[in-house]
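Colleague: Just to be clear, the model below is a prediction. Sequence and coordinates:
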Amino acid sequence: MDTNEIIARAKEYIAQEQDENFRREVETLLADSTANKAELEDRFYRDLEFGTGGLRGIIGGGTNRMNTLVINRATQGLANYFIKTFPEKAAAGTLSAVVAYDSRRYSDVFAEATARIFVANGFKTYLFTGLRPTPELSFAIRTLGCDTGVVVTASHNPPQYNGYKAYWNDGAQVIEPHDTGIIDEVNNVTVVKTISRDEAIKSGKLILIDSEIDEKYWAMVKEQLFRPELIREKAKDVKIVYTPLHGTGAMHVEKVLGDLGLTVITVPEQRIPDGNFPTVEKPNPEEAPALKMAVELAEKEKANVVMATDPDADRFGSAVPGPDGKFVLINGNQMGVLLTDYILLSRKELGKMPPHPAMIRSIVTSPLVDKIAAFYGVQLDECLTGFKWIANVMAGYEKSGNNQYVFGYEESYGYNVETAVRDKDGVSAAAMCAEMTMYWSSKGKTLLQRLEELYTQFGYMQDMAISQNFPGAAGVETMKSIMAKLRADGLKTLAGKRVVKIRDVGTSVSYDPLSPKKKDTVALPKSNVLQFFLEDGTVVSARPSGTEPKIKFYINCSVPVSNGDLVSARANAEKECLAIETEIKAILDAAS
């Protein structure tokens, strides 16, 4: 896109944007368009598109930014899609939507704008009176029987970001063909219908909600637990330090765990919602710096476990004390393994295992859990990255009746222990982790000790993620080039180990690189993901992000444990991961 096109798009945006702050940003840039050429290009070279999590971008003026104009167009397009998809309900005036938002800057503004547009288009619209977690939005859609829902959030991204997640009537985020259908409608929007807040309320179409959904959600979370007697007996022996990272989680986590009788000490500096996230660079429980204050408080209080949720409380992070009393971070794969083991063990012990149990993991999640599921006689299915795909497989179970869902998770700290929510749920994960901690404590074990038992039985796993940003239009082309080169050339070896299978989800084929003409079909929806399976069981996956300007490589090393020697297994896994990391970084450096 040349400079004239960029300037034309910027002027068109100014003419349409009603928010003075966003409009002024672009006017200031246009006043010296030569000096601000790169910034203008980044803001206008494209329109934000729905990815694995919907819309997500930097807050500011521009078509490639999160602002009221982009939100308005997205909502009008979303409304148009539902009106066309369900014409009888639209004609009868019975379409409905629910809207929630987190603690980020402009979240409340974007949420109200979304609700008012739904109302203007004839939707009965429920709007939470205050910030709420993403999983509660999913729960509300199902509880209220809504056709769609939106939560305004950018999850764990830095403070300059915000986002918009669109949901289907089953409580899951939209997937194909609906996502592309919505994009088409958004791109064709010429008129946005809206209404004032007062008029919306007077019409009876805008309904404010809070405790009536909160209380049902809390009850549902507590119903997932297996051992209420153990909780009553051991609750006072367990001390939890928790941080909501300035987000939505405190209200729910404190309520649920408090009702169970647990002692919860919330990090005071991070308890109050604040979209600037003043105590962390990134409010991401996947990253150690975000848990620093919680860990320091936990060591001071001699707590049993640290728990953290991200700003919209769908992700869950944790840390537990090691033998020396210093806290050790539990990564997403490790917590997934621990929860899988505990949930399946509990169902088996208590006679609650359904006839045909099944669980789900994403394709970039460690395959170690496959062995644990098989040990308990549970079917394990893979899906694409993004929790909407776990929800899609879950829905498939219900439709066919052939399997019953027992658990689903992905390595990026997302877990779901219930069917009433069709997204990852940090609140229910916190409750289940608390019960699991008490259970193993009653057996004289810590979570780390149980994890080591699982390693000894099923093999040691070492995980590593490599992420590199490629911002702007040039970055998009660079990422395309990297994936194209990997597809064309493949990887024959990594860390001195032969690649025995390449799975190209983008073209729906898998093959041995030594016999590339002999191909098998991949039973997954197409997605721009490449996976390399090594002869020792290690898996390396390459995936450009659907919501951020970066490409990610996931390394899942699997090493057997001989004669209980975890030390040697860990050393071998670390050595292999580091060797693979070196080779991957060389590929990225060459592309940069």
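Modeller: Thanks, I have it.
Colleague: you'd agree I240 is in a strand?
Modeller: Yes - under DSSP: H, G, I helix; E, B strand; the rest coil, I240 falls within a strand.
Colleague: Run through the bridge partners of it.
Modeller: Residues in a beta bridge with I240, per DSSP bridges, are V264, V305.
Colleague: again, but for G57
Modeller: Beta-bridge partners, per DSSP bridges, of G57: N162.
Colleague: All further residue positions should be reported with the first residue as 56.
Modeller: From this message on, residue numbering opens at 56, which makes the last subject G112.
Colleague: Tell me the spacing between it and N386.
Modeller: With distances taken as CB to CB, to the nearest Å, G112 is found 28 Å from N386. Quick note: C-beta positions are derived from backbone N, CA and C, even for glycine.
Colleague: How are the strands of the stretch 256-405 of the chain distributed by residue range?
Modeller: With strands called from DSSP state E, counting those that start in this stretch, the stretch 256-405 of the chain shows them at 261-264, 294-298, 318-321, 360-364, 371-376, 382-385.
Colleague: distance between the longest one and the chain's centre?
Modeller: Taking CA atoms, centre = their mean, to the nearest Å, one finds the center of strand 371-376 at 18 Å from the center of the full chain.
Colleague: How about residues contacting it?
Modeller: Contacting residues not belonging to strand 371-376 are listed as 340-341, 345-346, 349-350, 353-354, 358-365, 382-385, 390, 468-470, 479, 481, 484-485, 488, 492, 501-503 [CB atoms under 8 Å, 6 or more residues apart in numbering].
Colleague: same for the longest helix seen in the chain, what does it pack against?
Modeller: Assignment by DSSP state H gives helix 621-646 as the longest helix of the chain. Other elements packing on helix 621-646 under the criterion 3 or more CB pairs under 8 Å, 6 or more residues apart in numbering; DSSP states H and E are helix 502-513, strand 515-524, helix 527-544, strand 548-549, strand 605-614.
Colleague: Can you give me the end-to-end span of stretch 362-375?
Modeller: One end of stretch 362-375 to the other measures 9 Å (CA to CA, to the nearest Å).
Colleague: same question but for stretch 509-523, I mixed them up
Modeller: Counting by CA to CA, the terminal residues of stretch 509-523 are separated by 32 Å.
Colleague: Repeat that for stretch 143-159.
Modeller: Taking CA to CA as the measure, stretch 143-159 stretches 37 Å from start to finish.
Colleague: same thing with stretch 431-443?
Modeller: The separation between the terminal residues of stretch 431-443, taken as CA to CA, is 26 Å.
Colleague: okay, the strands of the stretch 256-405 of the chain, which one's buried deepest?
Modeller: Most buried of the strands of the stretch 256-405 of the chain, by mean neighbour count (mean count of other CB atoms under 10 Å): strand 360-364, with a mean of 29.
Colleague: returning to what we had before: could the strands of the stretch 256-405 of the chain be laid out in CSV, adding distance to A645 and mean pLDDT?
Modeller: Converted to CSV, those look like this (distance: least, CB to CB, whole Å; pLDDT from 0 to 100):
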stretch, distance to A645, mean pLDDT
strand 261-264, 53, 98
strand 294-298, 40, 97
strand 318-321, 46, 96
strand 360-364, 37, 98
strand 371-376, 34, 97
strand 382-385, 32, 96
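Colleague: can you list the ones you listed in JSON lines and add distance to V577?
Modeller: Shown next, in JSON lines, are these (distance: least, CB to CB, whole Å):
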{"stretch": "strand 261-264", "distance to V577": "42"}
{"stretch": "strand 294-298", "distance to V577": "40"}
{"stretch": "strand 318-321", "distance to V577": "44"}
{"stretch": "strand 360-364", "distance to V577": "34"}
{"stretch": "strand 371-376", "distance to V577": "30"}
{"stretch": "strand 382-385", "distance to V577": "31"}
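Colleague: wait, which of these is closest to S455?
Modeller: Nearest to S455 among those is strand 371-376; the distance by CB to CB comes to 29.5 Å.
Colleague: Can you get me a residue count around N457?
Modeller: Neighbour count for N457, taken as other CB atoms under 10 Å: 12.
Colleague: Quick one: low-confidence residue ranges for the stretch 56-205 of the chain.
Modeller: Applying pLDDT under 70 to the stretch 56-205 of the chain picks out residues 105-108.
Colleague: Correction: the previous question concerned the stretch 356-505 of the chain.
Modeller: For the stretch 356-505 of the chain, counting by pLDDT under 70, not a single residue falls below.
Colleague: ranges for the helices of it?
Modeller: With DSSP state H, counting those that start in this stretch as the criterion, the stretch 356-505 of the chain has helices at 387-404, 423-430, 442-455, 481-497, 502-513.
Colleague: quick check: angle from the longest one to strand 515-524?
Modeller: Relative orientation of helix 387-404 and strand 515-524, computed by axes from the mean of the first three to the mean of the last three CA atoms, to 10 degrees: 140 degrees.
Colleague: can you pull the buried residues of helix 387-404?
Modeller: The neighbour-count check on helix 387-404 (16 or more other CB atoms under 10 Å) flags 387-402 as buried.
Colleague: Now do the contacts for K426.
Modeller: F513, G514.
Colleague: The same query, at a cut-off of 10 Å, please.
Modeller: Contacts for K426 (CB atoms under 10 Å, 6 or more residues apart in numbering) come out as V392, L435, L509, Q512, F513, G514, S613.
Colleague: ok so, going back, what's the least confident stretch among the helices and strands packed on helix 621-646?
Modeller: Sorting the helices and strands packed on helix 621-646 by mean pLDDT places helix 527-544 lowest, at a mean of 89.
Colleague: hmm, back to that, in the longest helix of the chain, what counts as buried?
Modeller: A624, R625, N627, A628, E631, C632, A634, I635, E636, I639, I642, L643.
Colleague: try stretch 92-106
Modeller: Using 16+ other CB under 10 Å as the test for burial, stretch 92-106 gives 94-106.
Colleague: Contact partners for M538?
Modeller: Counted by CB under 10 Å, 6+ apart, M538 has contacts D559, G561, N583, V584, L585, A597, R598, P599, I606.
Colleague: Go ahead and build a PyMOL selection from the buried members of those residues.
Modeller: Entered in PyMOL, the line below selects the buried ones among those, by 16+ other CB under 10 Å:
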select buried, resi 559+583+584+585+597+598+599+606
